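Enquirer: With the input below, show me the fold.
(one chain, ligands or ions: 1)
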Amino acid sequence: MPYRLTEEQQLIIETVKRIRKEKIAPLVEELDRRAEFPWEVHKILLENGFIGLSLPQEYGGGGLGLPTYCVVTEELSNFCYSVTFWLNDLPIEPTITAGTREQKEKYLTKFVRGDLIASIAITEPEAGSDVANIATCAVPDGDGYIINGTKRFISLADDAGIINLLVKTDPSKGTKGMSFFIVEAGTPGFSIGKIEKKMGINPLHACELTFEDCYVPRSNLLGKEGQGFSIAMTCLDPGRAIVGSQGVGIAQGALDYAIDYAKQRIQFGKPIAEFQGLQFMMADMATEIEASRQLVHRAACAIDENEKDRAKLAAMAKYFATDTCMRVTTDAVQILGGYGYMKDYPLERMMREAKFLQIYEGTNQIQRIVVARSLLS
Ligand SMILES: Cc1cc2nc3c(=O)[nH]c(=O)nc-3n(C[C@H](O)[C@H](O)[C@H](O)COP(=O)(O)OP(=O)(O)OC[C@H]3O[C@@H](n4cnc5c(N)ncnc54)[C@H](O)[C@@H]3O)c2cc1C
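Expert: Here you go, the predicted structure:
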């Protein structure tokens with residue numbers, strides 16, 4: 001198993017690092033305060049070919065395998081997580097996985113050109129972890145379907161051109177009665193409701209979506225009727241590895257910042273970095289980050305090779321890396337003392353972003369259920 005980056009990966013990382021440091025990092029704090037979609041960063045990512053990196057090349061994507069995509073995501077998440085989130089091909093993953101050639105040509109090419117933001121809408125007021133319990137329904141009507149229901153906490157939806165929407169098409173069939181549809185912004189009957197006030201990831205709005213007798217043509221069905229749940233599950237494995245790599249990136253950024261600070265801050269006549277109490281904290285942080293990085297890489301390789309254990313490894317990587325990120329960002333704030341708690345320093349933002357990672361793409365409790373079920377099956 002390769003534990004080193006290839007030469008090609010190393011080259012990509014150097015470029016990503018340079019652009020992140022020179023162009024994106026200086027904008028991050030202001031964008032967090034502004035809490036609006038950061039189009040200027042989107043432009044930078046687009047100009048440098050960082051949008052659609054994992055999408056197939058035939059649709060203009062980068063065609064990167066998951067391990068390389070994760071490494072790029074880690075690098076971009078270092079310090080800059082929430083403003084680079086939509087580099088993430090995650091929300092458009094159902095279209096990549098199950099779209100017809102026509103659907104892919106129509107939507108993926110626009111996504112890669114930067115002309116389209118996508119959202120994925122699964123969560124509902126009464127169904128979060130329990131995805132099978134969603135209530136939004138699509139009923140056949142002529143050449144299409146009529147959709148009714150409400151989705152909640154849907155990232156980017158107010159800026160999105162399309163929503164990848166999970167609904168029930170046959171409630172009597174449980175998970176086999178679910179389907180994915182593409183719903184375009186502006187479709188009559190589809191509207192954006194409440195935009196949540198959140199703890200963090202401020203540039204990305206979490207929205208409520210309402211569907212009232214919303215008609216979508218049959219040509220917007222992804223895959224076949226009844227395949228929605230299985231499409232969702234297929235998308236989750238790469239998604240979880242990617243979220244793990246976001247955790248590694250944020251944690252590494254927080255540790256680097258805390259170390260620099262500890263070398264400069266003088267208390268009791270010497271830099272606080274010389275106190276063994278803090279050195280042991282830093283050693284634990286670095287060790288856990290490295291372990292997370294390797295686990296994410298292992299999971300990404302397993303998913304790329306479609307190994308039997310891919311779901312278990314993806315869940316392990318997601319919860320281990322993001323729990324590590326939470327611990328590391330919390331300890332990094334501690335190393336800065338009172339300054340860590342202040343908005344003039346970036347660590348409180350990183351800590352808020354880390355909390356999100358433990359919740360989305362399946363909470364970390366749900367990941368442990370996936371691992372335990374795999375062990376006991
Ligand atoms: C900022 C933000 C953005 C989001 N963006 C999106 C998006 O773009 N699209 C989308 O579809 N969703 C999105 N979500 C929703 C997210 O995926 C859900 O919040 C998450 O899946 C948890 O669902 P819930 O909030 O309903 O919590 P619940 O499912 O109600 O869980 C509450 C608590 O119970 C625990 N729990 C639940 N079941 C079990 C169990 N069986 N065993 C042990 N513990 C359990 C959970 O781990 C959690 O701690 C977003 C959420 C946030 C916060």
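Enquirer: which ones are touching the closest residue to the ligand within the stretch 51-200 of the chain?
Expert: Closest residue of the stretch 51-200 of the chain to the ligand, C-beta to the nearest ligand atom: Gly128 (1.7 Å). The C-beta positions use only the backbone N, C-alpha and C, and glycine is treated the same way. Applying C-beta atoms under 8 Å, 6 or more residues apart in numbering to Gly128 gives no contacts.
Enquirer: Quick check: it vs Phe190, distance?
Expert: To Phe190, Gly128 is 21 Å away according to C-beta to C-beta, to the nearest Å.
Enquirer: can you confirm Ile120 is in a strand?
Expert: Yes - the assignment for Ile120, made by DSSP: H, G, I helix; E, B strand; the rest coil, places it in a strand.
Enquirer: Tell me where the stretch 1-150 of the chain has helices.
Expert: Assignment of helices within the stretch 1-150 of the chain using DSSP state H, counting those that start in this stretch yields the ranges 7-19, 28-34, 39-47, 66-77, 93-98, 101-113.
Enquirer: what do you get for the stretch 251-377 of the chain?
Expert: In the stretch 251-377 of the chain, the helices defined using DSSP H, counting those that start in this stretch lie at 276-304, 310-335, 347-359, 364-376.
Enquirer: looking at those, which is buried most?
Expert: helix 310-335 (a mean of 25; mean count of other C-beta atoms under 10 Å).
Enquirer: Which neighbouring elements make contact with that helix?
Expert: With contacts defined as 3 or more C-beta pairs under 8 Å, 6 or more residues apart in numbering; DSSP states H and E, the packing partners of helix 310-335 are helix 228-264, helix 276-304, helix 347-359, helix 364-376.
Enquirer: Nearest to the ligand, out of these?
Expert: With C-beta to the nearest ligand atom as the criterion, the ligand lies closest to helix 364-376 of the helices and strands packed on helix 310-335, at 3.4 Å.
Enquirer: Phe356 reaches Ala206, doesn't it?
Expert: No - proximity of Phe356 to Ala206 does not meet the contact threshold set by C-beta atoms under 8 Å, at 9.7 Å.
Enquirer: Pick out the residue nearest the middle of this structure.
Expert: Central residue of the chain (C-alpha atoms, centre = their mean): Val243, 5.1 Å from the mean position.
Enquirer: can you pull the contacts of the nearest residue to it once chain neighbours are set aside?
Expert: Nearest non-adjacent residue to Val243, counting by C-beta to C-beta, 6 or more residues apart in numbering: Glu361, 4.6 Å away. Going by C-beta under 8 Å, 6+ apart, Glu361 touches Leu90, Leu236, Gly239, Arg240, Val243, Lys318.
Enquirer: min pLDDT across these, which one?
Expert: Within the set of the contacts of Glu361, pLDDT is lowest for Leu90 (84).
Enquirer: Can you get me a residue count around it?
Expert: 24 (other C-beta atoms under 10 Å).
Enquirer: Pretty sure it sits against Ile120.
Expert: Yes - contact criterion C-beta under 8 Å: Leu90 and Ile120 qualify, at 6.8 Å.
Enquirer: if I look at those two, which residues touch both of them?
Expert: Cys235.
Enquirer: Low-confidence ranges, the stretch 1-150 of the chain, go.
Expert: Scanning the stretch 1-150 of the chain for pLDDT under 70 picks out 1-3.
Enquirer: Enumerate the residues of it near the ligand.
Expert: Contact residues (C-beta under 6 Å from any ligand atom) of the stretch 1-150 of the chain with the ligand: Ser119, Ile120, Ala121, Ile122, Thr123, Gly128, Ser129.
Enquirer: what do you get for the stretch 251-377 of the chain?
Expert: Residues of the stretch 251-377 of the chain found near the ligand (C-beta under 6 Å from any ligand atom) are Phe356, Ile359, Tyr360, Thr363, Gln365, Ile366, Ile369.
Enquirer: The third one is in contact with Gln246, isn't it?
Expert: No - when contacts are counted by C-beta under 8 Å, Tyr360 is not listed as touching Gln246 (10.1 Å).
Enquirer: And these two? Which one has more around it.
Expert: Using other C-beta under 10 Å as the criterion, Tyr360 and Gln246 rank with Gln246 on top: 30 against 17.
Enquirer: Okay, domains of this structure per the record?
Expert: 7-113, 118-227, 229-376 (automatic domain parsing).
Enquirer: What ranges in the stretch 251-377 of the chain fall below the confidence cut-off?
Expert: Applying pLDDT under 70 to the predicted model, the stretch 251-377 of the chain contains no residue that meets it.
Enquirer: can you pull up the bridge partners for Asn164?
Expert: Per DSSP bridges, the residues bridged to Asn164 are Ile120, Ile182.
Enquirer: neighbours around it, how many?
Expert: Counted with other C-beta under 10 Å, Asn164 comes out at 30.
Enquirer: Surely it touches Ile96?
Expert: No - contact between Asn164 and Ile96 fails when scored by C-beta under 8 Å: they sit 9.8 Å apart.
Enquirer: Am I right that Leu166 is in a strand?
Expert: Yes - applying three-state DSSP, one finds Leu166 inside a strand.
Enquirer: Model confidence for it, exactly?
Expert: At Leu166, pLDDT is 98.
Enquirer: ok, it - contacts?
Expert: By C-beta under 8 Å, 6+ apart, the contact set of Leu166 is Ile120, Ala121, Ile122, Val131, Ile134, Thr136, Met178, Ser179, Phe180, Gly228, Phe229, Ala232.
Enquirer: now these: which count as buried?
Expert: Ile120, Ala121, Ile122, Val131, Ile134, Thr136, Met178, Ser179, Phe180, Gly228, Phe229, Ala232 (16 or more other C-beta atoms under 10 Å).
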